[in-house]
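Asker: what would the 3D arrangement of this be:
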Amino acid sequence: MEKYDIVIIGAGPVGLTLSMCLARWGYKIKHIDNRPEPTPTGRADGIQPRSLDLLRNMGLKRKIMAYEPAKVYEVAFWDPSANGIHRTGTWASCPKFIDARYPFTTLLHQGLIERVFIEDIEKHGVQIQRPWTIAGFKNDGEDPIYPVEVSLAHVDGSAKETMRTKYLFSGEGARSFVREQLGVKIHHKDPIAYVWGVMDGVVRTDFPDIKMKCTIHSDAGSIMVIPRENNMVRLYIQIASSTDKDWHPRRTATAEEVQATAKRILKPYYIEWDRVEWYSVYPIGQGIAERYTLDERVFMGGDCCHTHSPKAGQGMNTAFLDAVNLAWKIHHVESGFAARHILTSYESERKLIAENLLDFDARYAKLFSTRLPSAGEVGSANAQAVATAAQQHEPEENEFVKTFKASCEFTSGYGVAYNPNLFNWSPFHPAQSPLFLRHQHGTLLRTGRILTPATVTRVVDANIVHLEQEVPLNGSFRIYIFAGKPTVTQRALADFCTHLTAPRSFFSTYSYPAAEQEKVSYHELHNPHSAFFTLCTVFSAPRSSISINSMLPPVLARYRDHVYADDVWDQRVQDAKAAAHAKMGLDEAHGGIVVVRPDGYVSCVVKLVEGKGTVEALNGYFGAFVQKRVGGEIASL
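Answerer: Below is the predicted model of the structure:
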C-alpha cells in the first residue's frame, strides 16, 4: 500500500497553498480534486495587502502581477440622491496608518491565481489528480507512522485507490465529505437575510467610477463594483431581502433579471454588457465549524470551516493563512523540531480569526444590504444636521461608511492578532525572564501580530531591501538581532554568540551534525546551520562603517547575506537615526532580539545584554515547545 506524508482533498486556494508549502519542503503528497480542470472563471478575486506580502515572500508576486490585475487604491461611496445616486466620498482601500508595502487590493480571478500555484506545485514534483474524490478514511492507528487510511475514487467510479498517510486535509469547500464523516457541525450566526447576484463581464457605461471599487446604495437596491483584469468588472447586485413580501432564502434570478436590477440601481447612469464571463446567485450566511480537527491527524481549512459573504474580500485571503499556519507546524513536527502537541494551536489560532471575520462580515453585510434613506427622506428628517455638516464641509457619514473605515486594518489582513500561547510570548508563557519585552514596555511590537515592515541596507551589496522579506517562507524561525551601535553592544554581541553556541542551547541542539554542516553549500544563504532558524543582524550604523568579518563573531558572520545597516530614513519615524530599531520600539544604541514565527508573526522580543541572560531567555522560549530538551531547567505546562 502506498504511503504519503499528507493527502490533500480539494485544489482551491487553501489546498493549493498547503500543497505548495509542503511540496517545497520535500514532503510526499497525494493531492486530488473532483473537478476535471482548474477554476476557469469567477469565484474569489481579491488579494489583500497582507496576502500580497505573503505571496512575495513565497516568490510568487511577480507571476501574479504578470497577469496585470486591477489594483484598488480607493473606494468610492455612492448614496441615494434626488436624481438617483451621487458620490458622497472616497476612502483609501488601505490607509497610510497601516504601513503596508502594497497599499492596494489586487483583483484577479481565482483561476489565474490557482494557475500560478499549480505551476509551482508541479515544479516541485506534485500533480493534482483529477477528477477524483474521497470515498472514505479512518484513523485506525494500525501503522503508528502512517495512522490514517484513505480511500479515493475516480468520480465516474472507474478506478479506486487506498493508501496510508500521516495527515489528511480537507480543502473541499462548504460541502465537505470529510467534515460530514467527522460529525463536525457548522454553526450559523444568523438566518440568511439577503440574496445577491454576482456577475463578471465587460460593460459599457457612463458611470464615472466603473474602474474603482464602489459601494452603491440607491432607492432601488445596492451594488458593489469591483474592477478586474482584462477590462472586466465584477458587480455584486442585491436581488432579495428578508423584508420582501415574497422573500425566500433560496431565491434565484436569471442574468437578465439581475442586469435589469443593476440598471435601476445605477440610474441616472446607464450600463450595458458586451459579454458576461461568469454569473452566480448566492445567499449571505455566516457559518463556522465547531472544530478544525478532532485528532491532529485529520484537518480542515478554508471554506470547509468558515463561510461568509464575499464582498469584504476575505475568503481566499483567510484560506491562504489557514494553510500557511498549518503547513509550518506540520513541518516542525515532522522535522523533529517541535512536539506534536503544537498542532492543537492550528485550530485555536485560525478559528479565532474566523470568528472575528464572521463577526465583522455579519455587520458589514447587514449594513451593505440595508436600504439607506433617500435624499428626500434625509432632507425632511435631517435638514438641520445636513445643513450644519455642509457649513463645516464635513459630509455626514452613514454607519456603513464608518464601519468600512474602522475595519480597514482587519480587511487589509494586518489586523490579524493571535492570542498568547506557546508561540506567542506573554507574561503567562512557561518561559519567564525579566529580559522579555512587552508591547509598550521596551518594544512597540506585539506578539501574535505581523512584524512591522522596515527598510534597511544589506551590507554585502549595498542594496536597499525590505527586512521582513529577506527570509523567504521556508519553514524557519527568523531571529533578528538588532545589534544597536557596535561600540555599545560589542561585548553583548560576543557574549550572545558564546552562549548561543554552547552545547545545550537551542542553536546547538538543533544545528546540523558537524559532518552535515561540512556539506552545506557555501552559497546557502538562509539555513547554513539548521532548517529550524535563520539569523539576521541589523546594526544601528551606516553601511560604510560595518565590517562583517571584524565586527561579527563567526556564527553570525556565516549569515553574511543577512547583515544589514539600519541607515535608511523612514517618514514614519522622521527623527530616528536608526529607523528599523525605532519602528520596532527598540533602543537605537542597545538593540534587542526579535523572534518571528515562520509565517511572519512576532513570537517574542528579548533584551540584548552582556552575559548569558539573552540566550537563556531564548532557550526558555523555544524549550516550551521543541522536541528536545534545551538550556538548563525548562519550564513546562
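Asker: mind showing which ranges of this protein have poor pLDDT?
Answerer: Applying pLDDT under 70 to the chain flags the ranges 42-44, 190-193, 242-243, 247, 249-250, 284, 310-313, 369-396, 633-637.
Asker: list the contacts of residue 170.
Answerer: Applying Cβ atoms under 8 Å, 6 or more residues apart in numbering, we find residue 170 in contact with 9, 10, 176, 177, 178, 179, 298, 299, 300, 301, 304. (Glycine included, C-beta is placed from N, CA and C.)
Asker: so which residue is dead centre in this structure?
Answerer: Against the mean C-alpha coordinate of the chain, by Cα atoms, centre = their mean, the closest residue is residue 321 at 4.0 Å.
Asker: can you list the contacts of residue 170 in JSON lines and add neighbour count, distance to residue 207 and secondary structure?
Answerer: As requested, the contacts of residue 170 are exported to JSON lines (neighbours: other Cβ atoms under 10 Å; distance: Cβ to Cβ, whole Å; DSSP: H, G, I helix; E, B strand; the rest coil):
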{"residue": "9", "neighbour count": "27", "distance to residue 207": "42", "secondary structure": "strand"}
{"residue": "10", "neighbour count": "31", "distance to residue 207": "37", "secondary structure": "coil"}
{"residue": "176", "neighbour count": "23", "distance to residue 207": "39", "secondary structure": "coil"}
{"residue": "177", "neighbour count": "18", "distance to residue 207": "43", "secondary structure": "helix"}
{"residue": "178", "neighbour count": "21", "distance to residue 207": "44", "secondary structure": "helix"}
{"residue": "179", "neighbour count": "21", "distance to residue 207": "42", "secondary structure": "helix"}
{"residue": "298", "neighbour count": "25", "distance to residue 207": "48", "secondary structure": "strand"}
{"residue": "299", "neighbour count": "26", "distance to residue 207": "45", "secondary structure": "strand"}
{"residue": "300", "neighbour count": "29", "distance to residue 207": "41", "secondary structure": "strand"}
{"residue": "301", "neighbour count": "30", "distance to residue 207": "38", "secondary structure": "coil"}
{"residue": "304", "neighbour count": "30", "distance to residue 207": "37", "secondary structure": "helix"}
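Asker: between those, which is nearest residue 316?
Answerer: residue 301 (12.1 Å; Cβ to Cβ).
Asker: surely the closest one and residue 321 touch.
Answerer: No: Residue 301 is not in contact with residue 321 according to Cβ atoms under 8 Å; the separation is 9.4 Å.
Asker: identify the contacts common to the two.
Answerer: Joint contacts of residue 301 and residue 321 (Cβ under 8 Å, 6+ apart) are residue 350.
Asker: contacting residues for the residue nearest to the centre of the chain?
Answerer: 51, 54, 350, 353, 413, 416, 599.
Asker: how about 7 Å then?
Answerer: Neighbouring residues of residue 321 by Cβ atoms under 7 Å, 6 or more residues apart in numbering: residue 416.
Asker: that's a helix at it, yeah?
Answerer: Yes: according to DSSP: H, G, I helix; E, B strand; the rest coil, residue 321 belongs to a helix.
Asker: what segments of the stretch 251-400 of the chain are strands?
Answerer: Ranges of strands within the stretch 251-400 of the chain are 271-283, 287-289, 298-300, 306-307, based on DSSP state E, counting those that start in this stretch.
Asker: out of the ones you listed, which comes closest to residue 159?
Answerer: Set against residue 159 and scored by Cβ to Cβ, those come closest in strand 298-300, at 23.4 Å.
Asker: need the contact partners of the closest one.
Answerer: With contact meaning Cβ under 7 Å, 6+ apart, strand 298-300 is reached by 137, 139, 148, 167-170, 176, 178-179, 182, 289, 292-293, 326, 346.
Asker: what about 8 Å?
Answerer: For strand 298-300, contacts defined as Cβ under 8 Å, 6+ apart pick out 137, 139, 148, 167-171, 176, 178-179, 182, 184, 289, 292-293, 326, 346.
Asker: check contacts around the residue lying closest to residue 253 once chain neighbours are set aside.
Answerer: Ranked by Cβ to Cβ, 6 or more residues apart in numbering and with sequence neighbours excluded, the top spatial neighbour of residue 253 is residue 239, at 5.0 Å. Counting by Cβ under 8 Å, 6+ apart, residue 239 touches 195, 196, 197, 221, 251, 253, 257, 258, 261, 281.
Asker: go again with 10 Å.
Answerer: If a contact means Cβ atoms under 10 Å, 6 or more residues apart in numbering, then residue 239 has 194-197, 221, 251-253, 257-258, 261-262, 281 as its contacts.
Asker: ok, now residue 16?
Answerer: Applying Cβ under 10 Å, 6+ apart to residue 16 gives the contacts 8, 10, 31, 33, 38, 113-118, 120-121, 128, 171, 319-320, 323.
Asker: that one belongs to a helix, doesn't it?
Answerer: Yes: the assignment for residue 16 by three-state DSSP puts it in a helix.
Asker: can you give me the distance of it to residue 301?
Answerer: For residue 16, the distance to residue 301 (Cβ to Cβ, to the nearest Å) stands at 11 Å.
Asker: please enumerate the shared neighbours of these two.
Answerer: Listed as contacting both residue 16 and residue 301 by Cβ under 10 Å, 6+ apart are 10, 171, 319, 323.
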